[in-house]
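[1] Need a 3D model of the sequence below.
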Amino acid sequence: MLDYSALQLMAETAAEAAPTTEEVVNATMFNVGDGNGIWYLIGAALVFFMQCGFAMVETGFTRAKNAGNIIMKNLMDFCIGTVVFTLLGFGLLCGEDTLFGLIGVPNMDILANFTNFDRCAEFVFNLVFCATTATIVSGAMAERTKFISYCIYSGVISLVIYPIEAHWIWGGGWLAQMGFVDFAGSCAIHMVGGISALIGAAFLGARIGKFGKDGKPKAILGHSIPLGALGVFILWFGWYGFNGAAAGNADFLGQIFLTTTIAPAVATCTTMIFTWIKNGKPDVSMCLNASLAGLVAITAPCADVDALGATIIGLVAGLLVCFGVWLLDYKLKVDDPVGAVAVHGFNGLWGTLAVGLFATGNGQDGITGLFYGGGFNQLGIQALGVLAVGGWTVVTMTIVFWAIKHTIGLRASTEEELKGLDLTEHGLPSSYADFVVTGDSIFANDSVTAVTEVAPVETAVPVQHVEKAKSTITASDVKMTKVDIITNQEKFEVLKHALSSIGITGMTVSHVMGCGMQKGSTEFYRGVPVEARLLPKMKVEIVVCKVPVDKVVEAAKNALYTGKIGDGKIFVYDVENVIKVRTGEEAYEALQDNE
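    Next up is the predicted model:
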């Protein structure tokens, strides 16, 4: 006879032993310990996609003549980094701890014993973070660095500089043993990248035209704010993987996503308000920088702070990025085209220290900061880590840049810089070929017909050619006058209608940029006054002889007048002669519509 009580007891015991759905999800998605969690790998893919974001930000914040060079650098960051990280970097970072926690023991198992290499996910995850460190440096040294020199120092960063200090923090090294916390890389990646960028930019010197003879900075506008904004949105998206990939479970992942959203949002609002008050208008590029600054600052403490802590961290980051850009421009005289030092260096340091201030004790690392009753212990450990990693970076990168500068050279020549690195380094006339008129391209076609030849009858508009000697009205018989009108774009349609109403049937219209004696109102780009603000205008050119000049001028004045600065100007010139190419007619007859 069946013992139903015994069967019931067995079923209850089995149910208790079986993992819950939440436990299965956590084990599958967040198995960080052995690097096999699905989310862990998705996070790595998101971090890789951030390379695109860095490329777009740097390209947009610099000039179009260097766009191809910048894309190439961001591509080679990852490709060169992969090669050297495979050969040595991974072993130094994740190898068995040795020399009192200073480095890992390098090995070649990934190449020599791949069958037994069970750390594939861990390798990819650490590789994409390593590539980010090298990419940060690119922005501060943009537009004037030799490409070969860039490849060398980028490779050195991924080969030894990043892996060794990252081993101290994440590879079981001496800082990790002390309890130093840098959850996703404010210190190990961003501060190191920012310090390297500062040293490199200082060795390199400023771009031509960045500082005047009086030492004051001049604005060099980036060629595409939309491209830079696209890069920021991509980076923000990727940052959810950057910060969240090492989450221990779904609850911690939610906390990380929350803090990673609040901090950059608050930082951006802070910078918008600050620049609005300081400059009279909110600065677009600085607000984009502020979003990244908030993301950098929350990277270390993202898993250990609450919403209030993230808010304060973001607020400080928004002010700190403005201070960093100002300090480099006005005091240190270091040219950083994209704000890499202010974003990554200053806020990487701030985010690392913020762990010791705002950690709640309920986060993934279980640490408590000063403001939550934890005392100064964790803050002291964080400060020691900042000093150690910062000192390592300063010493090693100074040696690297000094060696490159005094051997193959670090900076492109003046001619190369002025022409643009796209052309001189890569043989690329323009990264935007369809938007550039190349003057000599027409001569590539040997079948081009000389302009003096007459078109075939079947393709020509019927016309009676007029010999110069047979012209009934010569250039001396009638006064011809050219009138150039410069006006605002929004007034063009009004002007065109006014001219048409008095009998003007032909005009040449072009978009131009310019400014008058007032040079427009003073505007700011990244906190620096834009000295000569070129405004978009319309230029209308007409030549008249039948319609009185005074009538043309009066019609234009009536159409354009508002009484405000910027209504435009009218220029009047005498014309010696006019020749219609198709018919050979001259003077008065060349200006008539005979068709």
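
[2] Just to check, Ala559 is in contact with Ser500?
    No - counting by C-beta atoms under 8 Å, Ala559 stays clear of Ser500, with 10.8 Å between them. Quick note: C-beta positions are derived from backbone N, CA and C, even for glycine.

[3] More neighbours: which of the two?
    Ala559 (20 against 12; other C-beta atoms under 10 Å).

[4] Please confirm that the more buried one is located within a helix.
    Yes - if the criterion is DSSP: H, G, I helix; E, B strand; the rest coil, then Ala559 is within a helix.

[5] What count of nearby residues applies to the closest residue to it other than its chain neighbours?
    Computed as C-beta to C-beta, 6 or more residues apart in numbering, the closest residue to Ala559 that is not its neighbour in sequence is Ala498, at 3.9 Å. By other C-beta under 10 Å, the residues close to Ala498 number 19.

[6] do the one 10 residues further on as well
    Other residues near Thr508 number 10, with proximity taken as other C-beta under 10 Å.

[7] leaving aside the residues next to it on the chain, what's closest to it?
    Glu541 (4.3 Å).

[8] go on, Ala300?
    Ser186 (3.4 Å).

[9] Please tell me I have it right and the one you found contacts Leu295.
    No - applying C-beta under 8 Å as the test, Ser186 and Leu295 come out as separate, 9.7 Å apart.

[10] And the closest residue to Gly420 other than its chain neighbours, how far from Val305?
    Spatially, and ignoring its direct neighbours in sequence, Gly420 is nearest to Lys65 (2.7 Å; C-beta to C-beta, 6+ apart). Per C-beta to C-beta, to the nearest Å, Lys65 is found 43 Å from Val305.

[11] Please identify which of these two sits among more neighbours.
    Counted by other C-beta under 10 Å, Lys65 and Val305 do not tie: Val305 has more neighbours, with 32 against 22.

[12] Backbone torsions only: list them for the more buried one.
    Val305 has phi and psi values of phi -120, psi 160 when expressed as degrees, to the nearest 10.

[13] for it, what are its contacts?
    Thr259, Ile298, Ile313, Ala354, Val355, Phe358, Ala359, Thr360, Gly363, Gly369 (C-beta atoms under 8 Å, 6 or more residues apart in numbering).

[14] Repeat that for Pro337.
    Glu58, Phe61, Thr62, Gly139, Ala140, Ala142, Glu143, Arg207, Ile220, Gly222.

[15] Recalculate using a threshold of 6 Å.
    Shown in contact with Pro337 (C-beta atoms under 6 Å, 6 or more residues apart in numbering): Phe61, Thr62, Ala142.

[16] ditto for Thr98
    So Thr98 contacts Val105 (C-beta under 6 Å, 6+ apart).

[17] hang on, the earlier thing: and the residue nearest to Ala559, what helix or strand is that in?
    helix 492-501 (DSSP states H and E).

[18] if I look at Gly139, how far off is Phe242?
    From Gly139 to Phe242 the distance is 17 Å (C-beta to C-beta).

[19] what does Gly506 give?
    Taking C-beta to C-beta as the measure, Gly506 falls 60 Å from Phe242.

[20] Repeat that for Ile313.
    Taking C-beta to C-beta, one finds Ile313 at 16 Å from Phe242.

[21] Tell me which of the two has more neighbours.
    Ile313 (30 against 27).

[22] Assign a three-state SS to the more buried one, would you?
    Classified using three-state DSSP, Ile313 is helix.

[23] so what's it up against?
    Neighbours of Ile313 in contact, by C-beta under 6 Å, 6+ apart: Ala263, Ala297, Ile298, Ala354.

[24] rerun that using 7 Å as the cut-off
    Going by C-beta atoms under 7 Å, 6 or more residues apart in numbering, Ile313 touches Ala263, Ala297, Ile298, Pro301, Val305, Gly351, Ala354, Phe358.

[25] The residue nearest to Thr508 pairs with what?
    Asp484, Thr508 (DSSP bridges).

[26] Could you double-check that it sits in contact with Thr481?
    No - Glu541 sits out of contact with Thr481 when judged by C-beta atoms under 7 Å, with a separation of 11.7 Å.

[27] Comparing the two, which residue is more hemmed in?
    Neighbours per residue (other C-beta under 10 Å) separate Glu541 from Thr481, with Thr481 holding more: 17 against 14.

[28] In a strand, that one, correct?
    Yes - under three-state DSSP, Thr481 sits within a strand.

[29] for Met513, helix, strand, or coil?
    Here Met513 takes the strand state, with states given by three-state DSSP.

[30] show me the contacts for Ser196.
    Applying C-beta under 7 Å, 6+ apart, the residues near Ser196 are Val137, Ile157, Thr393, Met397.

[31] so where does it fall, helix or strand?
    helix 192-204.

[32] CA atoms only for that helix - export them in PDB, please.
    C-alpha atoms of helix 192-204 as PDB (Å, rounded to 0.1, in the frame of the first residue of the first chain):
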ATOM      1  CA  VAL A 192      43.400  57.400 -16.600                       C
ATOM      2  CA  GLY A 193      42.200  58.400 -20.100                       C
ATOM      3  CA  GLY A 194      41.600  62.000 -19.000                       C
ATOM      4  CA  ILE A 195      45.100  62.400 -17.400                       C
ATOM      5  CA  SER A 196      46.700  60.800 -20.400                       C
ATOM      6  CA  ALA A 197      44.800  63.200 -22.600                       C
ATOM      7  CA  LEU A 198      46.000  66.200 -20.600                       C
ATOM      8  CA  ILE A 199      49.600  65.100 -20.800                       C
ATOM      9  CA  GLY A 200      49.400  64.400 -24.500                       C
ATOM     10  CA  ALA A 201      47.700  67.700 -25.300                       C
ATOM     11  CA  ALA A 202      50.300  69.600 -23.300                       C
ATOM     12  CA  PHE A 203      53.200  67.900 -25.100                       C
ATOM     13  CA  LEU A 204      51.500  68.400 -28.400                       C
END
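
[33] Show the subsequent helix or strand relative to that helix.
    With DSSP H and E, the next secondary element past helix 192-204 is helix 225-244.

[34] Run the chain-centre distance for that following helix.
    10 Å (C-alpha atoms, centre = their mean, to the nearest Å).

[35] next one: stretch 491-500
    41 Å.

[36] got the buried residues for it?
    Of the residues in stretch 491-500, those buried by neighbour count under the rule 16 or more other C-beta atoms under 10 Å are Lys491, Phe492, Leu495, Lys496, Ala498, Leu499.
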